[in-house]
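*Asks:* Sequence and computational prediction follow.
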Number of protein chains: 4
Amino acid sequence: MIEHTTDLRVRYKETDAMGIVYHGNYFTWFEVGRVRLLDAAGFPYRALNEMGYHLPVLEAHANYKASAKFDDEIAITAFIREMPRVRIKIEYEVKRGDTLLVTGHTQHAFIDNSGAAVKPPPEFMAKLKESF
Amino acid sequence: MIEHTTDLRVRYKETDAMGIVYHGNYFTWFEVGRVRLLDAAGFPYRALNEMGYHLPVLEAHANYKASAKFDDEIAITAFIREMPRVRIKIEYEVKRGDTLLVTGHTQHAFIDNSGAAVKPPPEFMAKLKESF
Amino acid sequence: MIEHTTDLRVRYKETDAMGIVYHGNYFTWFEVGRVRLLDAAGFPYRALNEMGYHLPVLEAHANYKASAKFDDEIAITAFIREMPRVRIKIEYEVKRGDTLLVTGHTQHAFIDNSGAAVKPPPEFMAKLKESF
Amino acid sequence: MIEHTTDLRVRYKETDAMGIVYHGNYFTWFEVGRVRLLDAAGFPYRALNEMGYHLPVLEAHANYKASAKFDDEIAITAFIREMPRVRIKIEYEVKRGDTLLVTGHTQHAFIDNSGAAVKPPPEFMAKLKESF
């Protein structure tokens, strides 16, 4: 398993008229956690892009347990629990201190610059394997 | 079952560097579809708010089948297939012409202004029943 | 002068914890007004893109006079008061009924796919001239 | 003068189909810089909110000189150059390394929970004066 935790502060822009973070913004935070996880795994998402690979989202899911407010300090942990094959699944936990706010996951395909589905690049798989 | 379709055009703001609509933005479109569905059912979300009710999201899910681009004409259909009890589940289909782009659902609780979970207001339930 | 008015409803996503529309979102609405203005002038922004032209923003400005709330019906009027030369300036008025909420403007350059500053395409200028 | 610099990384969500950060998102970054500036000045925006004060935006302006891309490391410097009276003006510089990307400013009113314009709280003014 690979996991990595990223901290952020809630932006006013991310709140809504209920006074809490708009539910859809957690998917942006999942993205932040995912990008930092790949950084930590030694294969930044930016490097994948520069090699001509993209990871479009096939599925996105979130369960909301508690809400966050403006300026809260938030920790997003992203997990890869299984070595990806054609698809990659990433799971997320969003916490404020010990309070679990949201859990979720995303599934991604690998595509090339033409938009065709492709296998993950071998260098990427090799790098992930080091962490499993 | 209640259903309602809302049309919109893709905003440039909603696209990302892949040249397509960022996956998280579909949850905003789900919201647009949900709000217009409640309008069409005769009980606008704004009226619920004014009565002191809110519908925070408990669960959000999306499956991505095809992508949308800037300025595409998009149709969002929102469905309530079962009479809500304590929670309300709404399903969504996002299409461009005949092409199904994204499906998904959200689950919502009813809370009052203090944040406490409450039953849906009887007027709201009565109005929904008319449509079932 | 060219002008065009576009209507929209405030999304919950667009509100913030003050209970009003987040100020930065008016720039997205300016974009909506700008795109529809170009549609109405007979030269959609999408057509410009397909010809290899883009209109990056050089300057953006807004003055806030009154606030908008969730579900408000909003009218955005975009104006081109002077024939563009190298740059194009677009002005905006955002209203709810007779209430003026926000005024502003954006200035744009024309660039090609390589990012180089270019003159506006002659077909575009010819089309705009028809409206002046 | 008070100034403070905040670092952030560009989120994929913040990019658009031109492959660069959408112009409107700089106003969110200005907010991030502004909030951290008030933190550094010893009077967090959150504390103002809890005292019943809000700082709605009266005017927002940005000049765009160069673009930012996904994952760029960005530094936002916010400046208060003059002691506020009824209004407060904050200026911003957004850089990537030595490259100046965007400059801008916002003007804010002080309002209370009822939405009425009020003077800044004396504690806030006293704290700012320490930094001038």
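*Replies:* Sure, I can see it. Residues are numbered from 1 along each chain as shown, chains lettered A, B, ... in the order given.
*Asks:* List the contacts of the most centrally placed residue in chain A.
*Replies:* By C-alpha atoms, centre = their mean, chain A has its centre lying nearest to A:Arg34, at 2.8 Å. Neighbouring residues of A:Arg34 by C-beta atoms under 8 Å, 6 or more residues apart in numbering or on different chains: A:45, A:78, A:90, A:92, A:106. Yep, even glycine has a C-beta here, placed from its N, CA and C like the rest.
*Asks:* Now narrow these to whatever sits close to chain D.
*Replies:* Contacts with chain D within these, counted by C-beta under 8 Å from any C-beta of the partner chain: A:Tyr45.
*Asks:* Farthest-apart pair in the contacts of A:Arg34, please.
*Replies:* Using C-beta to C-beta, those reach their maximum pairwise distance at A:Tyr45 and A:Tyr92, which is 15.3 Å.
*Asks:* ok, these two, which is more surrounded?
*Replies:* The neighbour comparison of A:Tyr45 against A:Tyr92 (other C-beta atoms under 10 Å in any protein chain shown) goes to A:Tyr92, with 24 against 20.
*Asks:* Show me what the helix or strand that the more buried one is a member of is in contact with.
*Replies:* Applying DSSP states H and E as the criterion places A:Tyr92 in strand A:87-96. Residues from elsewhere that reach strand A:87-96, judged by C-beta under 8 Å, 6+ apart: A:26, A:29-30, A:33-34, A:37, A:55, A:58, A:66, A:68, A:72-82, A:100-110, A:120.
*Asks:* What residues sit buried inside that strand?
*Replies:* A:88, A:90-96 (16 or more other C-beta atoms under 10 Å in any protein chain shown).
*Asks:* Could you dump these into CSV and include pLDDT?
*Replies:* Converted to CSV, these look like this (pLDDT from 0 to 100):
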residue, pLDDT
A:Ile88, 96
A:Ile90, 98
A:Glu91, 98
A:Tyr92, 98
A:Glu93, 98
A:Val94, 99
A:Lys95, 98
A:Arg96, 98
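*Asks:* Out of these, which comes closest to B:Ile20?
*Replies:* Using C-beta to C-beta, the buried residues of strand A:87-96 come closest to B:Ile20 at A:Ile88, 18.5 Å.
*Asks:* Establish whether stretch A:37-46 and chain B are in contact.
*Replies:* No - remark: stretch A:37-46 sits outside contact range of chain B, by C-beta under 8 Å from any C-beta, the gap being at least 10.6 Å.
*Asks:* The lowest-mean-pLDDT helix or strand in chain A to strand A:87-96, inter-axis angle?
*Replies:* Across the helices and strands of chain A, mean confidence by mean pLDDT, DSSP states H and E is lowest for helix A:122-131: a mean of 90. Relative orientation of helix A:122-131 versus strand A:87-96 (axes from the mean of the first three to the mean of the last three C-alpha atoms, to 10 degrees): 50 degrees.
*Asks:* for helix A:122-131, which positions count as buried?
*Replies:* Using 16+ other C-beta under 10 Å as the test for burial, helix A:122-131 gives A:124, A:128, A:131.
*Asks:* cool, stretch A:54-70 as well?
*Replies:* Residues of stretch A:54-70 classed as buried under the neighbour-count rule (16+ other C-beta under 10 Å) are A:54-64, A:67-68, A:70.
*Asks:* Format those residues as JSON lines; extra columns: pLDDT and secondary structure.
*Replies:* Below are these laid out as JSON lines (pLDDT from 0 to 100; DSSP: H, G, I helix; E, B strand; the rest coil):
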{"residue": "A:His54", "pLDDT": "94", "secondary structure": "strand"}
{"residue": "A:Leu55", "pLDDT": "95", "secondary structure": "coil"}
{"residue": "A:Pro56", "pLDDT": "96", "secondary structure": "coil"}
{"residue": "A:Val57", "pLDDT": "98", "secondary structure": "strand"}
{"residue": "A:Leu58", "pLDDT": "98", "secondary structure": "strand"}
{"residue": "A:Glu59", "pLDDT": "98", "secondary structure": "strand"}
{"residue": "A:Ala60", "pLDDT": "98", "secondary structure": "strand"}
{"residue": "A:His61", "pLDDT": "98", "secondary structure": "strand"}
{"residue": "A:Ala62", "pLDDT": "99", "secondary structure": "strand"}
{"residue": "A:Asn63", "pLDDT": "98", "secondary structure": "strand"}
{"residue": "A:Tyr64", "pLDDT": "98", "secondary structure": "strand"}
{"residue": "A:Ser67", "pLDDT": "97", "secondary structure": "coil"}
{"residue": "A:Ala68", "pLDDT": "98", "secondary structure": "coil"}
{"residue": "A:Phe70", "pLDDT": "98", "secondary structure": "coil"}
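*Asks:* now, which of those sits nearest chain C?
*Replies:* Lowest distance from chain C to the buried residues of stretch A:54-70 (C-beta to the nearest C-beta) belongs to A:Phe70, with 5.5 Å.
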